[in-house]
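J.: Provide a 3D model corresponding to the input given below.
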Amino acid sequence: MAPVTVRDARDAGLRTWVEHVMGTAISISVAGAVARRGGAGAGVDEAVAAAFGGLRRADAVFSPFQADSQISRLRDGRTTPDRCDPEVREILALCETLRRDSFGYFDAYAAGPGQLDPCGVVKGWAAERAAATLRAAGIARHAVNAGGDVCLGAAPAPGRPWRVGVADPHRPGRLLTVVCGADLAVATSGTAERGAHVLDPHRRTAAAELASVTVIGPSLTLADAYATAALAMGGLATAWLPGLDGYEALLVDAAGEVWWTDAFPLD
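T.: Take a look at the predicted model:
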């Protein structure tokens, strides 16, 4: 997914911070008068720092690649859910709900029994919490981009929505479309950057039928998970995605064919 942009960043008073967290570059952009240094925006740096702090904590708790994370200790039998933080139990419950709702294609145990990995939902969930931290600090005009999972706040300027580029997985550097909007989540899962890394939990093999899935809707947590589940489904996703209330999707298959739900906003 391409970076989040506005039509004229100078007029919107845009500031952007970038840190490497959760194995990817995460950017936080703040627009409007509150983004300016000093004056009304004096607390913006502190709010952004708190948002990044929440993302780093989520990585420390949920990363299956860190040996002492709570998820790793839970996976290895060194702890139990009731001894973990409440957020861990929240994510485990959400993973089970998503498994049922996706006919088993979203599965935190996709690699096999005992191989707990909730990454398919955690990044979107953590980015959405970072956006909530900004809103709680009075920063309504913001965008959080967590490696292609984007949470958009209020428009950066009147009549100037955020613009999120959806990359063409078959043509590096080219866009399929641009999603324009505010108070919106945009999540993409695909094979262009990391190869076929999402597993089909029913076959225990890498899902390669689709090249990318972009889902938009009100919640980044769910949009992220739905994109992951749809990528695992392959062609079956075209029957499942239209039934998701409040969410729209754009798919590109391995051959380059493009499919979208009726209300997906094509630019």
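
J.: which regions of the stretch 51-200 of the chain lie under the pLDDT threshold?
T.: For the stretch 51-200 of the chain, the stretches with pLDDT under 70 are 193, 195-196.

J.: can you rerun that using 80?
T.: 192-196 (pLDDT under 80).

J.: just so I have it, where are all the strands in it?
T.: Taking DSSP state E, counting those that start in this stretch as the test, the strands found in the stretch 51-200 of the chain are 142-146, 149-152, 162-167, 175-181, 184-190, 199-200.

J.: Ok, which of those strands comes nearest Ala254?
T.: strand 184-190 (10.6 Å; C-beta to C-beta). The way it works is simple: take the backbone N, C-alpha and C, and place the C-beta from them, glycine included.

J.: which residues sit against the closest one?
T.: Outside strand 184-190, the residues that touch it by C-beta atoms under 8 Å, 6 or more residues apart in numbering are 1, 120, 124, 128, 148-152, 162, 164, 166-167, 169, 179, 198, 210-220, 222-224, 226-228, 230-231, 252.

J.: now with 7 Å?
T.: By C-beta atoms under 7 Å, 6 or more residues apart in numbering, the surrounding residues in contact with strand 184-190 are 1, 124, 148-152, 164, 166, 169, 179, 198, 211-220, 223-224, 227-228, 231.

J.: What subset of those is buried?
T.: Neighbour counting by 16 or more other C-beta atoms under 10 Å classes 1, 124, 148-152, 164, 166, 169, 179, 198, 211-217, 219-220, 223-224, 227-228, 231 among the contacts of strand 184-190 as buried.

J.: Which of these fall in helices?
T.: Among the buried ones among the contacts of strand 184-190, DSSP state H puts Gly124, Leu220, Ala223, Asp224, Ala227, Thr228, Leu231 in helices.

J.: Closest one of those residues to Gly13?
T.: The closest of those, once distances to Gly13 are taken by C-beta to C-beta, is Leu220, at 24.1 Å.

J.: need the helices for this structure, in chain order.
T.: Going by DSSP H, the chain shows helices at 44-62, 70-75, 86-101, 119-136, 220-233, 237-240.

J.: Please convert those to a markdown table, extending it with distance to Gly32.
T.: A markdown table is the format used below for the helices of the chain (distance: least, C-beta to C-beta, whole Å):
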| stretch | distance to Gly32 |
| --- | --- |
| helix 44-62 | 10 |
| helix 70-75 | 37 |
| helix 86-101 | 31 |
| helix 119-136 | 12 |
| helix 220-233 | 21 |
| helix 237-240 | 37 |
